[in-house]
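Q: sequence-free structure coming up:
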């Protein structure tokens with residue numbers, strides 16, 4: 001058993017830093033010493049999910065102990081954690097949709113904090129079992145996870161850069177490459193240039209898109225987007241309902257509308273905005289996971305437009321995380337620069353504040 005300092009959400013919109021107890025691994029469980037944990041808006045939201053839980057779903061670290069049924073990992077392995085934990089046997093895993101695993105996927109089950117866990121009772125706060133956000137809970141000095149939640153680090157990469165692969169990088173890159181299948185020579189629009197949007201831009205650049213248009217209301221974020229591959233930028237207005245005026249600028253830049261458009265703002269009222277950006281028979285992708293009810297003018301679909309609402313960049317973690325690592329090692333995928341600031345766990349409040357103010361491409365907790 002180990003004691004670990006962790007960020008604990010109270011379910012009512014707050015968090016505190018407390019000590020938890022974690023049992024030694026059993027079965028296919030592994031105990032990971034977390035070295036770095038990425039920060040995103042989902043971590044902020046998890047404070048209000050109605051129950052206590054360990055915050056965090058992006059992370060990288062070193063395995064310190066393994067259960068007797070662990071076959072592919074050993075103590076000392078450096079790993080990236082992923083929250084789409086496949087069982088490899090269900091219908092969706094067999095179909096190649098490991099991110100939609102019917103046995104382990106917490107999101108598919110409609111509960112963002114339970115599916116795919118190692119034993120819940122193995123992590124305790126004041127003697128009471130506590131859940132881990134997205135089956136991981138990476139804002140903790142140690143975590144107990146399933147073997148299938150680990151992908152071995154195979155290149156020379158700092159832990160903060162490895163940690164952000166866990167969600168933000170994979171979601172953005174995968175949305176461009178795995179979901180939309182961006183073609184060489186195509187045109188792409190990205191709405192919102194936070195951590196996910198920047199990685200959509202990177203994915204589009206690596207896929208060979210020749211015109212990548214970044215749209216945001218923050219001029220500093222737009223300037224940053226050019227470092228990751230944006231060829232054009234549009235400074236949008238908060239008063240531009242549905243970004244229809246920005247869409248007119250996109251059409252001027254692309255003649256008929258973009259081939260692909262990606263919504264990465266997490267603003268419900270902009271859920272239909274990518275449809276306004278694409279040409280007839282173009283592809284609109286809602287990346288940010290909007291789950292609220294919205295109204296859509298069906299004329300935006302005219303004509304033959306495709307609208308996709310994917311999860312986690314449609315990742316197969318053991319394959320895609322290695323691809324991302326190799327792209328990083330080859331200098332094509334920018335990660336080190338994306339980690340704008342690092343924080344200690346005790347600075348999590350400041351990290352959340354900086355995130356909301358748009359100061360970071362990605363902030364990371366370093367242990």
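A: Arrived safely, thanks for sending. Since we're looking at a predicted model, the values are computed, not measured.
Q: for residue 93, give its distance to residue 324.
A: The gap separating residue 93 from residue 324 is 21 Å, by CB to CB, to the nearest Å. For the C-beta atoms, the positions are set from N, CA and C on the backbone; glycine is no exception.
Q: kindly report the same for residue 294.
A: Distance of residue 294 to residue 324, computed by CB to CB: 31 Å.
Q: so between these two, which is more surrounded?
A: Counting neighbours by other CB atoms under 10 Å for residue 294 and for residue 324 shows that residue 324 has the greater number, 29 against 12.
Q: please name the nearest non-neighbouring residue to that one.
A: residue 165 (5.4 Å; CB to CB, 6 or more residues apart in numbering).
Q: list the contacts for that neighbour?
A: Residues near residue 165 by CB atoms under 8 Å, 6 or more residues apart in numbering: 60, 80, 321, 324, 325, 335.
Q: wait, is the last one part of a strand?
A: No - under DSSP: H, G, I helix; E, B strand; the rest coil, residue 335 sits outside any strand and is assigned coil.
Q: residue 244 is in what secondary structure piece?
A: Per DSSP states H and E, residue 244 falls inside helix 244-254.
Q: identify the residues contacting that helix?
A: Contacting residues not belonging to helix 244-254 are listed as 187, 189, 211, 213, 215, 232, 234, 236-237, 240, 257-258, 261, 273, 276-277, 279 [CB under 8 Å, 6+ apart].
Q: leaving out sequence neighbours, find the closest residue to residue 41.
A: Nearest-residue entry for residue 41: residue 266, 6.3 Å, with adjacent residues in sequence omitted and distances by CB to CB, 6+ apart.
Q: wait, that neighbour touches residue 290, no?
A: Yes - Residue 266 is within contact range of residue 290, at 6.5 Å (criterion: CB atoms under 8 Å).
Q: quick one, phi/psi of residue 330?
A: phi -90, psi 0 (degrees, to the nearest 10).
Q: count of neighbours near it?
A: Here the count is done by other CB under 10 Å, and residue 330 has 9 residues near it.
Q: Provide a list of residues in contact with it.
A: Listed by CB under 8 Å, 6+ apart, residue 330 has no contact partners.
Q: that one and residue 51, how far apart?
A: Distance, residue 330 to residue 51, by CB to CB: 43 Å.
Q: and residue 324, by the same measure?
A: Applying CB to CB, one obtains 32 Å for the distance of residue 324 from residue 51.
Q: who's sitting farthest from the centroid in this protein?
A: For the chain, the residue at maximal distance from the C-alpha centroid (CA atoms, centre = their mean) is residue 255, at 32.4 Å.
Q: check contacts around residue 153.
A: When the contact criterion is CB under 8 Å, 6+ apart, the partners of residue 153 are 60, 77, 78, 79, 80, 162, 325.
Q: what do you get for residue 353?
A: For residue 353, no residue counts as a contact, taking CB under 8 Å, 6+ apart as the criterion.
Q: what's the first helix or strand after the helix or strand containing it?
A: Using DSSP H and E, residue 353 sits within helix 348-356. Beyond helix 348-356 on the C-terminal side, the first helix or strand identified by DSSP H and E is strand 362-366.
Q: give me the sheet partners of that following strand and which way each runs.
A: Sheet pairing here is set by DSSP bridges, and for strand 362-366 it gives strand 29-39 (antiparallel), strand 339-343 (parallel).
Q: ok, back up a step: how is the residue nearest to residue 324 assigned, secondary-structure-wise?
A: helix.
Q: how close does it sit to residue 233?
A: For residue 165, the distance to residue 233 equals 26 Å [CB to CB].
Q: domains of this structure?
A: Structural domains annotated on the chain: 2-153+337-366, 171-311, as defined by automatic domain parsing.
Q: just send those domains back as JSON lines, with distance to residue 317 and mean pLDDT too.
A: Compiled in JSON lines, the domains of the chain are given as follows (distance: least, CB to CB, whole Å; pLDDT from 0 to 100):
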{"stretch": "domain 2-153+337-366", "distance to residue 317": "4", "mean pLDDT": "91"}
{"stretch": "domain 171-311", "distance to residue 317": "10", "mean pLDDT": "96"}
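Q: after the helix or strand containing residue 213, which helix or strand is next?
A: In the assignment (DSSP H and E), residue 213 maps to strand 211-216. The element immediately downstream of strand 211-216 (helix or strand, assigned by DSSP H and E) is helix 219-228.
Q: what are the contacting residues of that following helix?
A: Counting contacts by CB under 8 Å, 6+ apart, the residues outside helix 219-228 that touch it are 190, 193-194, 197-199, 201-202, 205, 214, 216, 230, 233-235, 334, 337-338, 358, 361.
Q: which element follows it toward the C-terminus?
A: Taking DSSP H and E as the definition, the helix or strand that follows helix 219-228 towards the C-terminus is strand 232-235.
Q: all set, thanks.
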